[in-house]
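In: predicted model, plus sequence, below.
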Amino acid sequence: MRSLATLFAVLLLLLTASWAQQPESTQTKPVTPKTTTKEQKPSTPPKVPEGKPQEAQTAVSPPEEEKAEANKQTPTEKDQHYDVTEVPPVVTHHQITIAGKALKYTATAGRLPIQRDDGKIEAEMFFVAYTLDGQEASKRPLTFAFNGGPGSASIWLHMGALGPKRVVLQPNGFMPAAPYRIADNEDALLDRSDIVMVDAIGTGFSRAANAELSKKYLGVKGDIEAFGEFIRLYITRYERWTSPLFLLGESYGTTRAAGISGYLADRGISFNGITLLSIALSFQTLEWTKTNDEPYILLLPSYTMIAAYHKKLAPDLMQDPARTRQQVEQWASGEYALALEKGDSISPEERQRVTDQLTRYTGLSRQIIEQHDMRIDVPTFTQNLLLDQKLRVGRLDGRFTGPDPEGPDSRFYDPTGAAILPPYTSVFNNYLRTELGYKSDMPYKVFAFQEGGTFNKWEWGSAIEGFPDTARALRAAMVKNPYLKVLVMEGFYDLATPFYAADYTMNHLDLSPMYRNNISFATYDSGHMVYIDAKEHAKMKSDLVSFIERSVPHE
């Protein structure tokens with residue numbers, strides 16, 4: 001099987017019972033936030049632990065006697081050490097207008113410790129929390145949100161979807177000209193839920209103390225445990241144990257969210273709702289191999305939607321996109337699936353019939369379909385759909401196109417990431433320092449693979465059983481908590497986590513009708529990051545508001 005780490009290093013490109021209450025001896029001494037004021041102080045600021053304020057630190061300097069020897073050696077990954085001494089968060093106060101109403105809120109930026117049982121800090125996880133002022137914490141929803149990768153910081157959801165500020169793109173989400181700008185996010189979630197944006201260890205400002213400890217957290221199990229402990233500690237320190245709790249994960253972040261839901265269910269922490277945006281729970285639906293035809297079937301409707309967007313289909317297929325989509329889904333799961341199942345035993349007549357239909361539904365040439373034995377993977381589709389124009393189609397969002405800078409033989413170039421990475425990176429780094437007051441010389445790592453070779457050793461856990469899978473953990477959480485609601489969000493132009501694969505995964509959780517009624521779906525005329533399109537972002541906000549209202553019990 002192709003290395004799963006290689007595949008999902010570009011999945012987001014842009015982007016994942018003993019710990020329920022640790023003994024008092026394991027708790028870090030509380031710290032007091034460092035506060036700067038913008039606008040007006042909140043009427044009820046969040047309570048935080050006490051302690052002395054400090055300035056955030058960068059990498060640990062070696063003792064003097066070790067410096068001379070260290071200078072003689074070439075630095076390696078094993079030489080990397082980070083200061084994980086806990087320092088107070090930075091607290092600022094702001095105001096935003098959402099739906100015509102002025103809202104005052106508090107932003108808290110800092111790092112929470114991930115500790116051993118003896119209290120020694122192994123890592124720290126960076127977060128930015130937004131809390132609406134003057135609210136009763138016990139009734140105020142609280143959403144923990146994160147991106148995926150695995151190995152992507154949560155900059156995308158933070159500055160594109162949920163936070164009070166957003167990166168200014170073109171209305172359809174395409175790249176604007178530099179210099180890049182920031183604006184108030186009129187579709188921020190803050191009017192309905194407090195938000196905690198969290199960066200996985202190895203991304204953003206989240207770090208393990210050293211390279212050896214990093215390995216512990218760069219994997220399915222360690223990543224889930226770190227996020228689980230972060231959530232436990234956050235709701236403890238900020239006294240949010242009785243708040244309605246929500247998770248929102250994107251891409252590999254859905255892998256993580258499903259895992260967290262099952263992990264924390266056994267540790268006394270339940271969630272009211274989980275939003276899964278561009279899901280990747282059952283990797284068998286995503287990773288094509290010589291012995292796994294499932295992804296080819298589940299990708300086909302997305303190919304059709306993208307081909308229609310670029311006007312590569314027959315006119316009759318583009319007249320009614322919804323009808324065409326349903327037609328392709330039925331054919332993919334029926335005749336096409338049966339044809340692939342036959343393998344070499346398929347008759348020449350059936351092969352020709354299926355090839356003709358694939359040509360009609362994908363916009364690709366008959367020659368391409370035949371060369372690939374009726375099995376079209378994502379690189380083949382993105383390379384060939386607009387080959388006549390010498391353009392590559394986006395993987396994360398099939399609406400994006402661009403010439404391949406490495407030539408036609410490149411397998412994984414994605415014009416989507418090339419278009420959105422510079423605006424997000426530039427704007428977010430400036431926002432952290434100038435508006436949130438979080439100033440550190442440590443580089444904010446958008447992707448964990450900027451750390452070096454450690455990321456390439458991501459531990460996939462259940463891969464030994466075939467394919468990684470956290471759908472089982474989500475099912476366990478749902479059956480243990482019959483009130484848990486799940487919202488699945490799907491982009492029609494997403495080839496990283498195709499919408500039909502998401503439907504397939506959720507339809508195979510082995511749930512009775514009572515639990516299936518707790519699952520709802522929302523679809524978007526956008527790609528992997530549905531929110532970069534302004535119109536679809538507004539729909540996403542509306543869908544989230546409805547979901548939160550359904551998920552919180554009313555007195």
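Out: All right, it came through fine.
In: C-alpha only now, for contacts and for neighbours.
Out: OK.
In: quick check: which ranges of the stretch 451-555 of the chain have low pLDDT?
Out: 451-456, 462-466, 555 (pLDDT under 70).
In: and the helices in it, which stretches?
Out: Here the stretch 451-555 of the chain has its helices, by DSSP state H, counting those that start in this stretch, at 471-480, 499-507, 513-516, 534-551.
In: need these in TSV (columns: mean neighbour count and distance to Arg256).
Out: Formatted as TSV, the helices of the stretch 451-555 of the chain follow (neighbours: other CA atoms under 10 Å; distance: least, CA to CA, whole Å):
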stretch	mean neighbour count	distance to Arg256
helix 471-480	20	10
helix 499-507	20	15
helix 513-516	13	21
helix 534-551	18	19
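In: looking at those, which is closest to Tyr444?
Out: helix 534-551 (25.7 Å; CA to CA).
In: same for the closest one, what does it pack against?
Out: Judged by 3 or more CA pairs under 8 Å, 6 or more residues apart in numbering; DSSP states H and E, helix 534-551 is in contact with strand 273-279.
In: what does the strand it packs on rub up against?
Out: 245-252, 254-255, 257, 484-491, 494, 497-499, 502, 528-529, 547-548, 551 (CA atoms under 8 Å, 6 or more residues apart in numbering).
In: quick one, the helix or strand following it and helix 499-507 angle?
Out: Of the helices and strands lying after strand 273-279 in sequence (DSSP states H and E), the nearest is helix 294-309. Per axes from the mean of the first three to the mean of the last three CA atoms, to 10 degrees, the angle that helix 294-309 makes with helix 499-507 is 140 degrees.
In: counting contacts, what elements does helix 294-309 pack onto?
Out: helix 321-331, helix 348-362, helix 499-507.
In: just how off-centre is the second one within its chain?
Out: Same thing as helix 348-362. 36 Å (CA atoms, centre = their mean, to the nearest Å).
In: that older thread, the helices and strands packed on helix 294-309: which one's closest to Lys311?
Out: Judging the helices and strands packed on helix 294-309 by CA to CA, what sits closest to Lys311 is helix 348-362, at 10.8 Å.
In: what lies in contact with the closest one?
Out: 300, 303-304, 307, 312-314, 328, 335-336, 339, 364-366, 369-370, 374.
In: likewise stretch 246-256?
Out: Against stretch 246-256 from outside (CA under 8 Å, 6+ apart): 11-12, 15-16, 141-150, 157, 220, 223-224, 257, 271-281, 469-471, 497, 528.
In: give me the buried subset of the contacts of helix 348-362.
Out: Burial by neighbour count, 16 or more other CA atoms under 10 Å: within the contacts of helix 348-362 this picks out 300, 303-304, 307, 312-313, 328, 336, 339, 364, 366, 369-370, 374.
In: picking that back up, and the contacts of strand 273-279, which of them are in strands?
Out: 245-251, 485-491 (DSSP state E).
In: can I have the buried ones of those residues as a PyMOL selection?
Out: To isolate the buried ones among these in PyMOL, judged by 16+ other CA under 10 Å, type:
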select buried, resi 245+246+247+248+249+250+251+485+486+487+488+489+490+491
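In: between the ones in strands among the contacts of strand 273-279, which sits nearest Ile182?
Out: Checking these against Ile182 by CA to CA gives Glu250 as the nearest, at 22.1 Å.
In: if I look at the closest one, how far off is Val530?
Out: 10 Å (CA to CA, to the nearest Å).
In: can I get the helices of the stretch 451-555 of the chain in a markdown table including distance to Asp414?
Out: As requested, the helices of the stretch 451-555 of the chain are exported to a markdown table (distance: least, CA to CA, whole Å):
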| stretch | distance to Asp414 |
| --- | --- |
| helix 471-480 | 28 |
| helix 499-507 | 19 |
| helix 513-516 | 36 |
| helix 534-551 | 21 |
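In: to Arg323, which of the ones you listed lies closest?
Out: Closest among those, using CA to CA: helix 499-507, at 14.7 Å.
In: so what touches that closest one?
Out: For helix 499-507, the external contacting residues (CA under 8 Å, 6+ apart) are 278-282, 285-286, 295, 298-299, 301-302, 329, 471, 488, 490-492.
In: what's the neighbour count on the closest residue to Gln383 other than its chain neighbours?
Out: Nearest non-adjacent residue to Gln383, counting by CA to CA, 6 or more residues apart in numbering: Arg392, 5.3 Å away. Look at Arg392: counted by other CA atoms under 10 Å, it has 26 neighbours.
In: surely Asp191 is within a strand?
Out: No: counting by DSSP: H, G, I helix; E, B strand; the rest coil, Asp191 falls outside a strand, being coil.
In: got the contact list for it?
Out: The neighbours of Asp191, taking CA under 8 Å, 6+ apart as the test, are 98, 103, 132.
In: show me what contacts Leu484?
Out: 271-274, 477-478, 518, 551.
In: among the residues you listed, which two are most distant?
Out: Among the contacts of Leu484, Ala477 and Ser551 lie farthest apart (CA to CA), at 15.0 Å.
In: give me the low-pLDDT residue ranges for the chain?
Out: For the chain, the stretches flagged by pLDDT under 70 are 1-79, 408-411, 450-456, 462-466, 555.
In: determine the longest strand present in it.
Out: Every strand in the chain considered (DSSP E), the longest is strand 101-115.
In: for it, buried residues please.
Out: Neighbour-count burial for strand 101-115 [16+ other CA under 10 Å]: 104-115.
In: ok, now stretch 417-435?
Out: 417-421, 423-428, 431-432.
In: ok, and what's touching that stretch?
Out: 13-14, 155-156, 159, 167, 169, 174-175, 178, 180-182, 396, 438-439, 444, 446.
In: my read: Tyr483 touches Asn272, true?
Out: Yes: in terms of CA atoms under 8 Å, Tyr483 counts as a neighbour of Asn272; the distance is 6.9 Å.
In: return every residue with contacts to both of the two.
Out: In contact with both Tyr483 and Asn272: Ser551, using CA under 8 Å, 6+ apart.
In: got a quick ChimeraX command for the buried subset of the contacts of helix 499-507?
Out: Listed next is the ChimeraX selection for buried residues among the contacts of helix 499-507, using 16+ other CA under 10 Å:
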select :278,279,280,281,282,285,286,295,298,299,301,302,329,471,488,490,491,492
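In: tabulate the contacts of Asp191 (JSON lines), appending distance to Ala265.
Out: Below are these laid out as JSON lines (distance: CA to CA, whole Å):
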{"residue": "Ile98", "distance to Ala265": "34"}
{"residue": "Leu103", "distance to Ala265": "34"}
{"residue": "Leu132", "distance to Ala265": "27"}
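In: relative to Thr85, which of the residues you listed is nearest.
Out: Leu132 (29.0 Å).
In: who's in contact with the residue lying closest to that closest one once chain neighbours are set aside?
Out: Spatial nearest neighbour of Leu132, chain neighbours left out: Tyr105 (4.4 Å); criterion: CA to CA, 6+ apart. Contacts here follow CA under 8 Å, 6+ apart; on that basis Tyr105 touches 42, 93-96, 130-133.
In: at 7 Å what do you get?
Out: The neighbours of Tyr105, taking CA atoms under 7 Å, 6 or more residues apart in numbering as the test, are 42, 93-95, 130-133.
In: just the buried members of the residues you listed?
Out: The neighbour-count criterion (16+ other CA under 10 Å) marks 42, 93-95, 130-133 among the contacts of Tyr105 as buried.
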